[in-house]
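[1] Prediction below, plus the sequence it came from.
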Amino acid sequence: MIAHSDKDQATPTWKKTYGFHPLTAWADHGAGGNGEPTAIVLRAGSAGSNTAADHVEATRLSLAQLPRHLRRRVLVRADSGGGTHGFPTWLTAPSRRLHYSVGMTVTEDMQAAVLKVPAGSWTPAYDGDGQVRDGAWVADITGLLDLPSWPAGMRVIVRKERPHPGAQLRFTDLDGHRFTAFATDARKGQLADLELRHRQRARCEDQIRCAKDTGLRNLPLKGFARNQLWCEVVALACELLAWTQLLALAGTAARRWEPKRLRLRIFSAAGRLARSGRRLRLRLAERWPWAGEIAAAVTRLQALPSG
C-alpha cells in the first residue's frame, strides 16, 4: 500500500515504494463465488514477507472468525512467504491440527533433487479447469530432501513448466524450464490435484484487488492506530459485499461481479423506499436495465429467516 504523504510507520518497502506492507487472509468461496476477509493486519512498510510470527497472528485472527466446529477443517494456503519453519510447525501443533499448502523457495538442495527425478516420474499438471496442461509437469521430491527440522509428514511437490514466450527465467530455473515448489501435509490425492489446489490460492489476489477498490488502496489518516481502524472498516465493507452476493445474487452473473461493476449496475440504481399496505416496497426506475435483477435479489432476501 503506497503512501503519498508522511504517515505513522510508513517506510520504504521491499518493492522500492513507500508506504505499508499489510498481511491479509481470506475465506475462499470457491470458483463460483468470491471471498471474504478474515483478517487484515496492518504492518509497517519495512515488515518482512516471510515473518512467521505475523503469519501466525493473521491465522489466529482468521480462525477466531470461523464457527468453532469448523476450525479443525481448515486448509491454510500461503505463498512462499509462509514457507518458513515456524509457520507450518505452528499449524500442525496437536492442539490445532490444521492442514496447510504453502509455497516454498527453490533452494540449492531442491535444485539438486529436481535433477535426480527420473523422466518417468513427472506427472502432467492441470490447468485451472482441471484438464491436462501441455508443457507442465509435477513431481514429489520429498524422498530426495533432508527435512529433519520440518514438521513430520510434510511433502514437497515441484511444478515444472515451459515459460511463456517472452518470460524471463530466474536463477533457480533449470534446463530452460521454470520451477515452483510448495509444501503440504496432504497424504492422499494425485499430485496434479494437490498442485492445482495450491495454485487456486491465487484467488486471494483477486480479493485484494477488490479490497483496494473498496478503500484499501490508500490509507487516509496519519496515525497508525486510526489506519488500523480504517482497515477494519474496509474489511466490513468487503464482508457486506460478499454476503450480499452470496444471499441475494446467488445463481446470477452478479455473484462474481467486482465492486466497480456492483456500484455501476446495482448500487447506483435510482429508486426509493415506500410503505404501502403495511409493507416496505423498493420502487426502482422503470428504465433501469438491472431493475429486474435487483427486485429479485430483494425478494430473495425477504424470504430468508430473520435470524
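    Happy to help now that I have it.
[2] From here on, just use CA atoms for contacts and neighbour counts.
    Fine.
[3] residues of the helix or strand hosting residue 239 that come out buried?
    Using DSSP states H and E, residue 239 sits within helix 224-248. For helix 224-248, the neighbour count (16 or more other Cα atoms under 10 Å) marks 224, 227-228, 230-232, 234-235, 237-239, 241-243, 245-246, 248 as buried.
[4] Equivalent analysis for stretch 60-75, please.
    Judged by neighbour count (16+ other Cα under 10 Å), stretch 60-75 contains these buried residues: 62-63, 71.
[5] returning to that earlier point: helix or strand right after the helix holding residue 239?
    The helix or strand immediately downstream of helix 224-248 is helix 259-262, counting by DSSP H and E.
[6] List the contacts of that next one.
    With Cα atoms under 8 Å, 6 or more residues apart in numbering as the test, helix 259-262 has contacts from 210, 213-214, 241, 254.
[7] Could I get the full set of helices for the stretch 1-150 of the chain?
    With helices called from DSSP state H, counting those that start in this stretch, the stretch 1-150 of the chain shows them at 52-65, 86-91, 108-116.
[8] how about low-confidence regions in this structure?
    Along the chain, the model assigns pLDDT under 70 to residues 171-172, 285-294, 306-307.
[9] Point to the residue nearest the middle of it.
    Residue closest to the average C-alpha location in the chain (Cα atoms, centre = their mean): residue 204, at 2.2 Å.
[10] Quick check: the closest residue to residue 174 other than its chain neighbours vs residue 20, distance?
    Residue nearest to residue 174 in three dimensions, not counting chain neighbours: residue 111, with 7.8 Å by Cα to Cα, 6 or more residues apart in numbering. Separation of residue 111 from residue 20 (Cα to Cα, to the nearest Å) stands at 34 Å.
[11] Same drill for the two, tell me which one is more crowded.
    residue 20 (24 against 14; other Cα atoms under 10 Å).
[12] doesn't residue 44 make contact with the more buried one?
    Yes: contact criterion Cα atoms under 8 Å: residue 20 and residue 44 qualify, at 4.9 Å.
[13] between the two, what contacts are shared?
    The contact lists of residue 20 and residue 44 share 9-11, where a contact means Cα under 8 Å, 6+ apart.
[14] For these, pick the one with the most neighbours.
    Within the shared contacts of residue 20 and residue 44, residue 10 tops the neighbour count with 22 neighbours, counted by other Cα under 10 Å.
[15] Does that residue touch residue 45 like I think?
    Yes: counting by Cα under 8 Å, residue 10 touches residue 45, with 5.6 Å between them.
[16] can you tell me how far the residue of the chain positioned farthest from its centre sits from residue 295?
    Most distant residue from the mean C-alpha position of the chain: residue 277, 46.1 Å away (Cα atoms, centre = their mean). Counting by Cα to Cα, the gap from residue 277 to residue 295 is 18 Å.
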